[in-house]
Every structure is written in structure tokens, then in C-alpha cells.
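Trainee: just need the structure, nothing else, for what follows:
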Amino acid sequence: MASNETALSGKQPVKRPSRNRWLTGAEIVFLFLIALAFIKLVLPFAGDNPLYLQMVLWAANIFILIYIWLGLKFRGENWGDLGLTFHATTWKNGIRTFLLSLLVFVLAMVGFLFGSVIMANITGIPEQADMSGYEFLRDNIWLFLLTLGGVYIVSSFGEEVIYRAFLINRISEIGGDTRTASVIAIVISSIIFGLIHYEWGPMGMVQTGFMGLVLGICYIKLKKRLWILILAHAYMDTILIAQIYLASNP
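Mentor: Residues are numbered from 1 along each chain as shown. So this is what the prediction gives:
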């Protein structure tokens, strides 16, 4: 993706060399293998402490982000190639980004609720997601605020980079960056996004899978402006963590 500077100067973007599909596929597979290996290696040290268990999963996501960054450096690319820019913006663009993030938030919530309806028709009775991993929030406002900050970094930011930007771009690349490849990439990334929420049970996996599907479509339709999705994800995470905290403190 051409940088903003290139677009403003009117110069033609430099065409990147084609990538080996097998190497790109290996890059994707290796990412999840090292993440699983990291979790398997470190998780026993957490014991049964729910806070430590969450920290291990957060650390795994950060580990993945470092892996993606190293992959970009190796390719001679940067975060902008995934739609993640860090340049200053105007008030007008900031307001537009905020309003678009609200729209994406609403659409993603519709996808989440659609997954709920589907599972309700299949199972008959919607099952409650297992949130026992957040029991450490009980009667602790400081841990609530700390958890919220960690979720913004690891979930709101990290999951959008990993499961939208990285996966969709790499899977599309394997398919030759065609429209069909993009559609397949969105579907596969949403399935994986649902599966990583396995601790929420079948209901939670389907809900987050459809939410991921909506976010993936928005990622492509909004020309890969990732901050819009990150903000939308942050709104959802704020509601979720706040609900868990309030539920644990009747």
C-alpha cells in the first residue's frame, strides 16, 4: 500500500516484488506454532491463578506482534503496509475516523448478535460464556483499570493487527491478491478469530467469529485503515470488561 507521502506527491508507488506463496504460508503457520509453543512452555508457571493465566495469554499476543514486526522488517516493509500508520492527522480526519469507528462498532455488534441468534436456534438455549478467568477483578478497581489498559493494548490493538491486518493480507497474498483471495482471507481470519476464543465456549466462538467477519469486511471496505477497527474493538472491550467487573461486584 502506498504511503500518504507518495500519494500526496503524485509519484507512482513502487511495485513490490511478488512473494513466494509457500514462504508466506510458512510464515502464517510458524506464527501460530511459536505462539502455541510459548503458551505451552509458560502456562504451567501460572498455576491456577487467573490473573497470571491472563498475563500469559497477553504475553503470547505481544510475542506475536514482535514476530509480525520482525517479518515486516525482513520483507523491507513497515506497519503502513498493513494499514497501521502513526503520522499526525487533522481534526477533520480525526473526527471522521471516530465516526467511522462508531459505525464499525455498531456493525460488529450486529455480527456478534447474529452469531447469538444462530447458536440459539442450534442449541435451543444460549450458553453463558465462561468468564471465570476474570475473577481477579472482584472488589479491585485498580486491577479493573490495569486490565482495561492491558486489554486495549493486547486485544483491541493486538488482535486487529494479528487477525485482521496480518492474516488477511498474508492469506490474500497467497491467493495472488485477487478479490476472491480477499474474500477467502476474510472468512479464514474470522474462523481463526472465533477459534481463539475457545474458552468462551461454542456460543462465544460463533459470536466472535461473526464479529470478526464484519471487522474483516470493514477492513477491506475502509481501505485497510486499521485505527478505525482498533477503536471499534476498544469500545467493545470496554463494555465487556466493565460488564465483567460489575457482575463480579454485586
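Trainee: with just CA atoms, put stretch 179-199 into PDB.
Mentor: In PDB, the C-alpha atoms belonging to stretch 179-199 read as follows (Å, rounded to 0.1, in the frame of the first residue of the first chain):
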ATOM      1  CA  ARG A 179     -10.900 -10.200  -5.000                       C
ATOM      2  CA  THR A 180     -11.600 -13.900  -4.400                       C
ATOM      3  CA  ALA A 181      -8.500 -14.300  -2.400                       C
ATOM      4  CA  SER A 182      -9.500 -11.300  -0.200                       C
ATOM      5  CA  VAL A 183     -13.000 -12.900   0.400                       C
ATOM      6  CA  ILE A 184     -11.400 -16.200   1.400                       C
ATOM      7  CA  ALA A 185      -8.900 -14.400   3.600                       C
ATOM      8  CA  ILE A 186     -11.700 -12.600   5.500                       C
ATOM      9  CA  VAL A 187     -13.600 -15.900   6.000                       C
ATOM     10  CA  ILE A 188     -10.500 -17.800   7.200                       C
ATOM     11  CA  SER A 189      -9.300 -15.000   9.500                       C
ATOM     12  CA  SER A 190     -12.800 -14.800  11.100                       C
ATOM     13  CA  ILE A 191     -12.900 -18.500  11.700                       C
ATOM     14  CA  ILE A 192      -9.500 -18.400  13.400                       C
ATOM     15  CA  PHE A 193     -10.600 -15.400  15.400                       C
ATOM     16  CA  GLY A 194     -13.600 -17.300  16.600                       C
ATOM     17  CA  LEU A 195     -11.500 -20.400  17.500                       C
ATOM     18  CA  ILE A 196      -9.000 -18.500  19.600                       C
ATOM     19  CA  HIS A 197     -11.900 -17.600  21.900                       C
ATOM     20  CA  TYR A 198     -12.500 -21.300  22.700                       C
ATOM     21  CA  GLU A 199     -12.600 -20.500  26.400                       C
END
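Trainee: show me which residues of it are buried.
Mentor: Under the neighbour-count criterion of 16 or more other Cβ atoms under 10 Å, stretch 179-199 has 181-182, 184-187, 189-190, 192-194, 196-197 buried. Just so you know, the C-beta spots here come from the backbone N, C-alpha and C atoms, and that holds for glycine as well.
Trainee: in the protein, where's the longest helix?
Mentor: Secondary structure of the chain per DSSP state H: the longest helix is helix 91-123.
Trainee: quick check: mean pLDDT of whichever helix or strand comes after that one?
Mentor: Note on helix 91-123: by DSSP states H and E, the next helix or strand toward the C-terminus is helix 141-151. Average pLDDT, helix 141-151: 87.
Trainee: pull the helix or strand with minimum mean pLDDT from this structure.
Mentor: One helix or strand of the chain scores below all others by mean pLDDT, DSSP states H and E: helix 4-9, with a mean of 39.
Trainee: how about stretch 209-218 as PDB, C-alpha atoms only?
Mentor: Coordinates of each C-alpha in stretch 209-218 appear next as PDB, following Å, rounded to 0.1, in the frame of the first residue of the first chain:
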ATOM      1  CA  GLY A 209     -16.400 -15.400  14.500                       C
ATOM      2  CA  PHE A 210     -19.200 -13.400  13.000                       C
ATOM      3  CA  MET A 211     -17.900 -10.200  14.700                       C
ATOM      4  CA  GLY A 212     -14.500 -11.000  13.100                       C
ATOM      5  CA  LEU A 213     -16.200 -11.500   9.800                       C
ATOM      6  CA  VAL A 214     -17.800  -8.000  10.000                       C
ATOM      7  CA  LEU A 215     -14.500  -6.400  11.100                       C
ATOM      8  CA  GLY A 216     -12.700  -8.200   8.200                       C
ATOM      9  CA  ILE A 217     -15.100  -6.800   5.700                       C
ATOM     10  CA  CYS A 218     -14.800  -3.300   7.200                       C
END
